[in-house]
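S.K.: I would like to see how this sequence folds:
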Amino acid sequence: MGVKRRRLLIGGAVAAVAAALSRPSDQGGAHDSYFTQLAAGLAGLPAMPMLVVDRQRLRANLAQIRQTAHAKLPLRVVVKSLPALGLIDEASSAWNTTRAMLFNAPQLALIAKERPRTDVLLGKPLPASAARWALEQPGGDGFDAPRQIQWLIDTPQRLADYRTLAKSRGQALRVNIEIDVGLHRGGVESEAVLAQMLDMIRNEPLLQFAGFMGYDAHVAAVPDVGSNRASAQAETHRRYDTMLALARQRLGASDGWTLNAAGSPTFHLHDDQHSPNELSVGSAAVKPFDFDKPSLAALQPASFIATPVLKVMDEFRLPFGAQAVSSLARWWDVNQRQALAIHGGHWLAEPVSPPGVSPSGLYGPSSNQQVMVASPSVPLAVGDWLFLRPKQSEAVFLQFGAIVVVDNGKPVDSWPVFPASA
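M.R.: Numbers count the residues shown, from 1 in each chain. The predicted structure is shown next:
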């Protein structure tokens with residue numbers, strides 16, 4: 001045998017071994033004890049997609065958040081991330097707060113009616129027409145909009161719009177100015193612009209300055225290489241301190257001002273040695289998939305989508321005309337040997353139990369009956385539960401009519417979610 005031929009044979013053998021070693025390994029398995037108990041607890045409910053919240057985990061997360069946050073800084077419940085009165089009540093009780101952050105007019109109107117003691121800070125600048133609509137909705141007994149709502153303002157033009165709104169209603173409005181502390185998504189960045197806005201407030205009796213909001217989620221996203229993250233955090237403090245000093249210069253004493261900051265990724269970074277005097281937190285309470293961060297490692301996932309399996313196909317097959325592709329996929333990847341059709345799908349969520357189940361990228365997504373693939377090691381049958389974990393809460397929770405609340409795996413309550421809104 002010639003040298004060249006031996007080299008070809010050896011090279012071919014090496015390539016074959018390398019290909020075999022690179023083939024995906026079997027990732028499948030059965031539900032662990034937690035999801036086995038949860039599946040058994042849901043067995044008596046109608047088999048349809050549902051959003052499940054584990055009350056024990058939720059309460060443990062709420063307690064951990066309050067313990068982690070600086071003791072002297074009150075917490076404000078981010079309603080868009082916990083869009084159900086049951087969730088809000090749990091957070092408000094655990095954190096001993098009536099403070100809430102709202103992000104749209106429909107949810108503001110609902111909170112004003114159903115929880116009239118709430119101290120409201122808008123977390124997003126609303127168009128003045130949306131604010132007018134919200135003010136025209138009936139609040140609950142004792143709700144005083146001029147006293148309890150802080151409207152978020154981000155530009156001189158929006159401030160002028162709210163000035164017009166206040167005059168047209170003959171009603172004072174409290175305004176909180178959004179400042180850009182480094183995220184660069186919105187808010188006032190220029191001291192000159194802020195000075196202009198503060199002067200507008202000072203010269204209009206119907207506009208009352210309530211404080212600042214500086215959202216700093218970017219700090220947690222900055223790669224923690226060298227001093228990058230520390231520098232980003234120091235810059236947020238510098239910007240906040242500068243804006244606050246300017247407000248004190250223009251308006252006087254700052255007693256009673258709301259100086260809001262943070263969010264689920266960064267609440268743990270704040271202390272009482274800097275400008276902010278309260279922190280906003282929401283998503284961390286239920287810990288969606290996108291909040292799997294080292295800083296939140298002490299928290300547990302507390303929300304899941306449960307959906308029944310409608311059909312089990314022992315052999316994954318693509319539609320007629322593409323059989324060869326699915327045959328190749330089955331041969332190459334053991335995790336694509338069988339297919340499962342589930343009730344619903346295409347949510348912002350990742351399958352978590354049983355392990356080894358994933359959406360079929362070849363078949364494509366479906367919001368009606370999504371095809372999932374798995375290895376034969378996944379022992380799901382028709383009618384069994386598949387569990388997914390939401391990537392976010394605000395984008396997913398509103399897609400389900402009511403939250404199924406479980407304790408020790410058993411349903412104990414049902415919390416209606418808010419009506420769909422953006």
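
S.K.: and the pLDDT for the nearest residue to residue 413 once chain neighbours are set aside?
M.R.: Spatially, and ignoring its direct neighbours in sequence, residue 413 is nearest to residue 405 (3.9 Å; Cβ to Cβ, 6 or more residues apart in numbering). All C-beta atoms are positioned from the backbone trio N, CA, C, and that covers glycine. Confidence at residue 405, expressed as pLDDT, is 98.

S.K.: phi, psi for the spatially closest residue to residue 119 that is not a sequence neighbour please.
M.R.: In this structure, residue 119 finds its nearest non-sequential neighbour in residue 99, 4.7 Å apart by Cβ to Cβ, 6+ apart. With angles defined as degrees, to the nearest 10, residue 99 sits at phi -80, psi 140.

S.K.: quick check: residue 99 vs residue 384, distance?
M.R.: Residue 99 sits 42 Å away from residue 384, going by Cβ to Cβ, to the nearest Å.

S.K.: what of residue 299?
M.R.: Residue 299 sits 28 Å away from residue 384, going by Cβ to Cβ.

S.K.: again, but for residue 44
M.R.: According to Cβ to Cβ, residue 44 stands 14 Å off from residue 384.

S.K.: these two: which has the busier surroundings?
M.R.: Per other Cβ atoms under 10 Å, whichever of residue 44 and residue 384 has more neighbours is residue 384, with 17 against 8.

S.K.: tell me the SS of the closest residue to the more buried one other than its chain neighbours?
M.R.: Spatial nearest neighbour of residue 384, chain neighbours left out: residue 309 (5.1 Å); criterion: Cβ to Cβ, 6+ apart. At residue 309 the chain is in strand, as set by DSSP: H, G, I helix; E, B strand; the rest coil.

S.K.: partner residues bridging residue 309?
M.R.: Beta-bridge partners recorded for residue 309 (DSSP bridges): residue 342.

S.K.: ok, it touching residue 340?
M.R.: Yes: judged on Cβ atoms under 8 Å, residue 309 makes contact with residue 340 at a distance of 5.3 Å.

S.K.: give the residues shared as contacts by those two.
M.R.: 380, 386 (Cβ atoms under 8 Å, 6 or more residues apart in numbering).

S.K.: higher neighbour count, those two?
M.R.: residue 340 (24 against 19).

S.K.: confirm the more buried one sits in a strand?
M.R.: Yes: counting by three-state DSSP, residue 340 is part of a strand.

S.K.: could you measure it against residue 251, distance?
M.R.: Separation of residue 340 from residue 251 (Cβ to Cβ): 61 Å.

S.K.: go on, residue 408?
M.R.: Distance from residue 408 to residue 251, counting by Cβ to Cβ: 53 Å.

S.K.: ok, the two, which is more surrounded?
M.R.: The neighbour comparison of residue 408 against residue 251 (other Cβ under 10 Å) goes to residue 251, with 14 against 11.

S.K.: what does the more buried one show for phi and psi?
M.R.: phi -120, psi -10.

S.K.: pretty sure it sits against residue 207.
M.R.: No: between residue 251 and residue 207 there is no contact under Cβ under 8 Å: 11.2 Å.

S.K.: overlap in contacts of the two?
M.R.: Common neighbours of residue 251 and residue 207 (criterion: Cβ under 8 Å, 6+ apart): residue 201.

S.K.: okay, and the residue nearest to residue 169 when sequence neighbours are not counted sits in which element?
M.R.: Nearest non-adjacent residue to residue 169, counting by Cβ to Cβ, 6+ apart: residue 135, 6.9 Å away. Per DSSP states H and E: residue 135 is located in helix 128-136.

S.K.: how many neighbours does residue 419 have?
M.R.: Here the count is done by other Cβ under 10 Å, and residue 419 has 10 residues near it.

S.K.: same question, residue 221
M.R.: By the measure other Cβ under 10 Å, the count of residues near residue 221 is 12.

S.K.: ok, residue 127 next?
M.R.: Residue 127, neighbours per other Cβ under 10 Å, totals 11.

S.K.: which stretches in the stretch 251-400 of the chain count as strands?
M.R.: For the stretch 251-400 of the chain, the strands defined by DSSP state E, counting those that start in this stretch occupy 258-261, 278-281, 303-313, 338-342, 349-353, 358-359, 371-374, 385-390.

S.K.: how about the ones you listed in JSON lines, adding mean pLDDT?
M.R.: What follows is those, written out as JSON lines (pLDDT from 0 to 100):
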{"stretch": "strand 258-261", "mean pLDDT": "98"}
{"stretch": "strand 278-281", "mean pLDDT": "98"}
{"stretch": "strand 303-313", "mean pLDDT": "97"}
{"stretch": "strand 338-342", "mean pLDDT": "96"}
{"stretch": "strand 349-353", "mean pLDDT": "98"}
{"stretch": "strand 358-359", "mean pLDDT": "96"}
{"stretch": "strand 371-374", "mean pLDDT": "96"}
{"stretch": "strand 385-390", "mean pLDDT": "98"}
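
S.K.: closest to residue 23 out of those?
M.R.: Smallest distance to residue 23 across the strands of the stretch 251-400 of the chain (Cβ to Cβ): 15.1 Å, for strand 371-374.
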